[in-house]
Every structure is written in C-alpha cells, then in structure tokens.
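> Quick one, what's the 3D model for this:
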Amino acid sequence: MTDDQAEGDSAFVFTGDWRAFAPIAFTNLLLTVVTLGIYHFWGKARVRRYLWSNTRFIDNRLEWTGTGLELFIGYLIAIALFFVPFGAINLIVQGVLLRGHAGMAGLIVFFLYIALLYLFGVAIFRALRYRLSRTLWHGIRGGSNDQGFAYGLDYFWRSIVGTLALGLMIPWSMTTLWNHRWNAMSFGPMQFRAEANWGPIFPRFMLFYITPIIILVLVGVIAGAAVGTGALAGINPNTPPSPGIIITFALLAIAFYLVFFGVLGIIAMVYYSAYFREAVGSMRLGGLWFGFNARTIDWVKLYLGNFALVVVTIGIGSIFLPYRNWAFFVRHMEAHGSVHLDDMTRSTTRTPGQGEGLLDALDVGAF
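Below is the predicted model:
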C-alpha cells in the first residue's frame, strides 16, 4: 500500500471532545484520591489511550499500548535505584555538617547536583523512547536501541556550557540536545533526522535575555526621578511611614511584579514559539518532513486559558490540562511529503520493559 496524502496541516487531526474526556478525567481524579495517589499511573495510561485514539495521522488513528502497571513499576524502580541512595547521601551530608566539615559537605552536594543533572537527561531520553515504543500507527511502533546513558552525559555538559556562558548559549544547547535526542529514535524501519539550528532563534532569545535588564534599568530611572523631583518628600527615615504610603508602595510593588513577569512571560513565549517551529520543522522521517505552525499568540492563548481554568476551578480544572495541551500540539502539527506503507515494516528496536519512572520520580515534564 502506498500513501501520498501527507500534504499540508490536515495530515494530523484531533477528533477528541472535552465532554467525552470529562468522565475519564473526573474518574481518574476520584480514584487517585481514594488510592492515595497510586491510581495516578493507571489514570495516565487511560488518558493517553483516549488522546492517542482520537488522533489521526493521514489515514489511521494512533494507538497507545502502554499500561499503568508499566508506569508504576518504572516509578518504583527509579525510587529504589536512585532516591533511596540519594536519601542515604543526604543523611551523610547532615552528619558531615554536624562534625563541622562544611567544605566536605559542600563538595558532596556539588557532586550530588552533577548526578541529578545527568539523571535529568537520562530521564528525558528514556521517556521519549518509551512513549514511541508504545505508540502504534498501522500496527507499527517507534523506539530506540539507545539506553540514554550517553545522552545523559551530553545533556550534562551541554547544559553546563549553555548556562556558564552567561546563559547566551542556551539556544545552542536546546537545539543540539533536541537533535541528539531525536536522531537516536526511529519509527518502524525509518530513522528520525533532526537538524535544528540555533542561529534563527537567537535574536528572539536575546530579546528575552535583555528584557529584564531593560525593565530594571527603567525602574531605577523612575525611582531616581521620583527622588530628584521630591515625589518621596515627606518620608522621614526616623518615623514609621503612614498607612497611605505603605499602601502606595504595596500597590506599586504588585504592579511591578505583574508587569515584570507578565512581560517576561510573553517574551519567553515569543522565543519558545520560534524554538518549537525551528525544532519540529527540522525533523524528517523517510519521505516525510514535519512542521509546527503555532505562533506566539497561540501559545499565549493556551497558557492564559490553562491559567484561567485552574484558577476559576480552584485547581480542579488541572485534570483537563493534558487534554488541552495535546489538542494544541496535534492541531498545530504539519506533515509534508509522502509515506509508502509497503516500506513501513515493523520496528526491530528493543522494547523497554517499564515506563518513564525516572521521569515521574524527577518530575521532569508535565505529560
């Protein structure tokens, strides 16, 4: 069978409905509370089965084959292998501090931080590998034979380089890690190819980089002007300020906080929208190449909608965030080119035996 219809943004279609998703979300919430959080893993698998089954790529729907038990076992393994030893190390650090060896304690904490940074990288890689291995399309799955340990080292040193250079190399580290991660993945017999370039997104990153500096400089200039013009006259350092002055300064502090983080949040989305378009747009799979058409305004609407949903419902609405985020990504995904199903044989990559337990244990990523 040959299919040449993967043209345009109609290649990906999401057919889900929040009203159909609501019973799943509320049932998961109830059972998670009743089981003291244990059902969380089965609930996550149930959510993915719904979202995947309502996602059509070209001519067929996706299928999620992962189970809650896999996720739960993976989490227990991660706790046993990593967090029990880390808890023991924490006790050792406290004992070293009590004996007055602050330098030795600091050295242990430093190496502990290095280990955690490495494990973050391993967790991200293995979670992607697991999710691809449990995603079917036409009965064909993805995956990778790479265990992710080399990627953990790559994640470690690239993250360090990106932040040590005054943070200016962060776009480089993000794009190169994206490439490394996806170039180790395959779907069926075909290898993913990612060639994201950090050059096109660097100007937007610089906008995000210098915006806080500009805001702080402006605040300093305004404060200096207020002092120079006597706007702060009447304030005596030897007497407590009046209630009116306290309220005024409190309102100004709140306004500054909202403006600072509001503007910074929008600028961050300006950068991230460009990053995601570059990253996804660089990807190839056989005769297919992908794209992502969400603009900054689309990201702003998504995050404002998520924020309003959580606030208005006093947190209960967070059970709908996986649905909203997945629908957003699918509806903005594009695919171009062609795929020949006769060439899509089954994957021969190793199938992980358990889920992304390390990802859950480290709380990396949201879904």
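> from here on, contacts and neighbour counts on C-alpha atoms
OK.
> ok, which stretches of the stretch 251-367 of the chain are helices?
Per DSSP state H, counting those that start in this stretch, the stretch 251-367 of the chain carries helices over the ranges 296-312, 321-332, 357-362.
> can you tell which of those is closest to residue 35?
Of all the helices of the stretch 251-367 of the chain, it is helix 357-362 that lies closest to residue 35, at 17.6 Å by Cα to Cα.
> thinking again about what came up before, how about the helices of the stretch 251-367 of the chain, which one is nearest residue 25?
helix 321-332 (9.2 Å).
> Show me which positions of the closest one end up buried.
Within helix 321-332, the residues that count as buried by 16 or more other Cα atoms under 10 Å are 321-324, 326-328, 330-332.
> Rebuild the helices of the stretch 251-367 of the chain as JSON lines, extending it with distance to residue 12 and mean pLDDT.
Output for the helices of the stretch 251-367 of the chain, formatted as JSON lines (distance: least, Cα to Cα, whole Å; pLDDT from 0 to 100):
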{"stretch": "helix 296-312", "distance to residue 12": "17", "mean pLDDT": "95"}
{"stretch": "helix 321-332", "distance to residue 12": "6", "mean pLDDT": "95"}
{"stretch": "helix 357-362", "distance to residue 12": "27", "mean pLDDT": "56"}
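> Which of the buried residues of helix 321-332 sits closest to residue 197?
Comparing those against residue 197 with Cα to Cα places residue 332 closest, at 20.6 Å.
> circling back: need the buried residues of helix 321-332 in CSV with distance to residue 273, can you?
Conversion of the buried residues of helix 321-332 to CSV gives the following (distance: Cα to Cα, whole Å):
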residue, distance to residue 273
321, 19
322, 19
323, 20
324, 17
326, 16
327, 16
328, 13
330, 15
331, 15
332, 11
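> What is the nearest of those residues to residue 81?
Nearest member of those to residue 81, counting by Cα to Cα, is residue 322, at 28.7 Å.
> Next, find the distance separating the closest one from residue 45.
12 Å (Cα to Cα, to the nearest Å).
> Same question for residue 88.
Counting by Cα to Cα, the gap from residue 88 to residue 45 is 32 Å.
> These two: which is more packed in?
Applying other Cα atoms under 10 Å to residue 88 and residue 45 shows that residue 45 carries more neighbours, namely 19 against 10.
> Was I right to think that one contacts residue 70?
No. Taking contacts as Cα atoms under 8 Å, residue 45 lies outside contact range of residue 70: 9.3 Å.
> Would you mind listing the buried residues in stretch 147-167?
In stretch 147-167, counting by 16+ other Cα under 10 Å, buried: 148-149, 151-156, 158-162.
> would CSV of those with secondary structure, pLDDT and distance to residue 57 be doable?
What follows is these, written out as CSV (DSSP: H, G, I helix; E, B strand; the rest coil; pLDDT from 0 to 100; distance: Cα to Cα, whole Å):
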residue, secondary structure, pLDDT, distance to residue 57
148, coil, 90, 28
149, helix, 91, 31
151, helix, 95, 29
152, helix, 93, 31
153, helix, 95, 34
154, helix, 96, 32
155, helix, 95, 31
156, helix, 94, 35
158, helix, 95, 34
159, helix, 93, 34
160, helix, 92, 38
161, helix, 92, 38
162, helix, 91, 36
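> Could I get the full set of strands for the stretch 151-300 of the chain?
186-187, 190-194, 283-285, 288-292 (DSSP state E, counting those that start in this stretch).
> partners of the shortest one, with directions?
Its sheet considered, strand 186-187 pairs with strand 140-143 (antiparallel), strand 190-194 (antiparallel) by DSSP bridges.
> Ok, the third one next?
Partners of strand 283-285 in the sheet, by DSSP bridges, are strand 190-194 (antiparallel), strand 288-292 (antiparallel).
> where does this structure dip in pLDDT?
Scanning the chain with the threshold set as pLDDT under 70 gives 1-10, 223-242, 244-245, 249, 343, 353-367.
> ok, now with 50
Applying pLDDT under 50 to the chain flags the ranges 1-9, 230, 362-367.
> re earlier: of all the strands paired with strand 283-285, which one is nearest residue 24?
strand 288-292 (28.5 Å).
> mind saving the C-alpha coords of that closest one as CSV?
What follows is strand 288-292, C-alpha atoms only, in CSV (Å, rounded to 0.1, in the frame of the first residue of the first chain):
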residue,chain,number,x,y,z
LEU,A,288,8.1,13.0,5.4
TRP,A,289,9.1,16.3,6.9
PHE,A,290,7.3,18.0,9.7
GLY,A,291,6.3,21.5,10.7
PHE,A,292,4.7,23.3,13.6
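> And the contacts of that strand?
Strand 288-292 has contacts (Cα atoms under 8 Å, 6 or more residues apart in numbering) with 6, 276-277, 280-284, 332-339.
> one more time with 7 Å, if that's ok
277, 280-281, 283-284, 332-339 (Cα atoms under 7 Å, 6 or more residues apart in numbering).
> Next: stretch 263-271.
Applying Cα under 7 Å, 6+ apart, the external contacts of stretch 263-271 come out as 201, 204-205, 208, 296, 299.
> would you list those residues in a markdown table and tack on distance to residue 187?
Formatted as a markdown table, these follow (distance: Cα to Cα, whole Å):
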| residue | distance to residue 187 |
| --- | --- |
| 201 | 28 |
| 204 | 33 |
| 205 | 32 |
| 208 | 36 |
| 296 | 30 |
| 299 | 28 |
